[in-house]
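Participant: Can you look at this prediction? I've put the sequence above it.
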Protein chains: 2
Amino acid sequence: MTVSKTFEKPAEAIKVRKDAPEGTSEALQLGELSEQLGYVLKRAQLKVFENFLRCMASLQLTPAQFSVLLLVEKNPGRNQTEIASTLGILRPNFVAMLDNLESRDLCARIRSTNDRRSHILVLTDKGKAVLTRAKKLVATKHEARLNELLGPANRAALLAMLSKIANEF
Amino acid sequence: MTVSKTFEKPAEAIKVRKDAPEGTSEALQLGELSEQLGYVLKRAQLKVFENFLRCMASLQLTPAQFSVLLLVEKNPGRNQTEIASTLGILRPNFVAMLDNLESRDLCARIRSTNDRRSHILVLTDKGKAVLTRAKKLVATKHEARLNELLGPANRAALLAMLSKIANEF
DNA sequence: TGATAATTGTTATGGACTATATCAAATATC
DNA sequence: GATATTTGATATAGTCCATAACAATTATCA
């Protein structure tokens, strides 16, 4: 992927390109693929998550973990089922995720006094501090880059359309 | 999620809602989550893929399989490495995928005469016919619904922005 | 009240997708 | 012609996602 690859062999740079018999070569045509919204949507999502992970490398937070911390902060006192379901996470899969966050002292499970089956979720002090730093990283590194690429108006329009798809499709 | 839930017990409809001690209840606040582009992007992508699968249920084609057929049709005579890499699929993972498509007689591997290591990929007659039907289903059911939801102009703008993210982010 | 049903967190488990190392056959390089 | 590279393939491990089942607790209601 390095650009320097091009300059490694300047002497033979003009040769006929490998030994292609008669065919075309090199770049493939995407064709209708580049018009398929699902395809482009998936590629864009992977790129955004990839960048998110890079921006959050110092805090070791995945997009899913960040969303849990955000939701628990906004809705303190809710139980696992409520937090998990609004994030689209199945309860069984949420257990290991919370084990991770709890082992890092970012959030805590508290037995509810009203319903002793359920665990109330809250952020620890460290969790609040980490989330604050995470928000700053996301704003200054991640979302800022998107704003730079699209412009604020386009970014808002993109978010609105994606929300519409996510909620009404 | 049914609205009828509200009407199941009209007699006690005014009770204090369960036995909540003093807390708020019911709907959780998404808060900043709904402003996170990555979060909304992921939710939208899941919805679009879900709808795609429903539209393609009669042909039993996943988004990934559809993209392979589209790319092979547009670029006949390419080998596995070329097709896989332009789709972002790792070669080892592409093997089972091709095994599936080949077992269904949708595409075929042909030993290249130029380079006997590589397998040239082509669509079978059945593969071409299935792809034609798949394109119609996608156009009339899937993309049509998106056009209906967003409008053609917005859909085009959305595609353009997602492409920009996918390519330049 | 007491029997039954439902809910909560949890474990176990399987499937789908992704990522890396490795291999034999074939080809490229020098 | 010796060495390195490429291609398709296998094995394997990790991460998500989904379902069934269970104990503890609570809700329902006859």
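Facilitator: Here it is on my side, so go on. These figures come from a predicted structure and were not determined experimentally.
Participant: near DNA strand C, which residues of chain A?
Facilitator: A:9, A:18-19, A:79-81, A:91-92, A:94-95, A:98, A:109, A:115, A:117-119 (Cβ under 7 Å from any atom of the strand). Every C-beta, even on glycine, is put in place using the N, C-alpha and C of the backbone.
Participant: Restricted to strands, list those.
Facilitator: A:109, A:119 (DSSP state E).
Participant: So for the residues of chain A next to DNA strand C, which is the shakiest by pLDDT?
Facilitator: Across the set of these, residue A:9 stands lowest in pLDDT, at 29.
Participant: Identify the residues contacting residue A:105.
Facilitator: A:124, A:126-127 (Cβ atoms under 8 Å, 6 or more residues apart in numbering or on different chains).
Participant: Same question for residue A:134.
Facilitator: A:56, A:59, A:61, A:66, A:69.
Participant: re the thing from before, could you rank the contacts of residue A:105 by neighbour count and give me the top one?
Facilitator: residue A:127 (20 neighbours; other Cβ atoms under 10 Å in any protein chain shown).
Participant: Quick check: nearest residue in space to that residue, chain neighbours excluded?
Facilitator: Nearest residue to residue A:127, sequence neighbours excluded (Cβ to Cβ, 6 or more residues apart in numbering or on different chains): residue A:106, at 3.8 Å.
Participant: how much space between the most centrally placed residue in chain A and DNA strand D?
Facilitator: Residue closest to the average C-alpha location in chain A (Cα atoms, centre = their mean): residue A:49, at 3.0 Å. Residue A:49 sits 9 Å away from DNA strand D, going by Cβ to the nearest atom of the strand, to the nearest Å.
Participant: Which strand or helix spans that residue?
Facilitator: helix A:37-55 (DSSP states H and E).
Participant: burial of residue A:79, as a residue count?
Facilitator: 16.
Participant: show me what contacts it?
Facilitator: Contact analysis of residue A:79 by Cβ under 8 Å, 6+ apart lists A:112, A:115, A:118-121.
Participant: on that earlier part again, from the contacts of residue A:105, which single one is nearest residue A:151?
Facilitator: Of all the contacts of residue A:105, residue A:127 has the smallest distance to residue A:151: 34.0 Å, by Cβ to Cβ.
Participant: Quick check: which element contains the closest one?
Facilitator: If you go by DSSP H and E, residue A:127 is part of helix A:125-137.
Participant: List the buried residues for that helix?
Facilitator: A:127-128, A:130-131, A:134-135, A:137 (16 or more other Cβ atoms under 10 Å in any protein chain shown).
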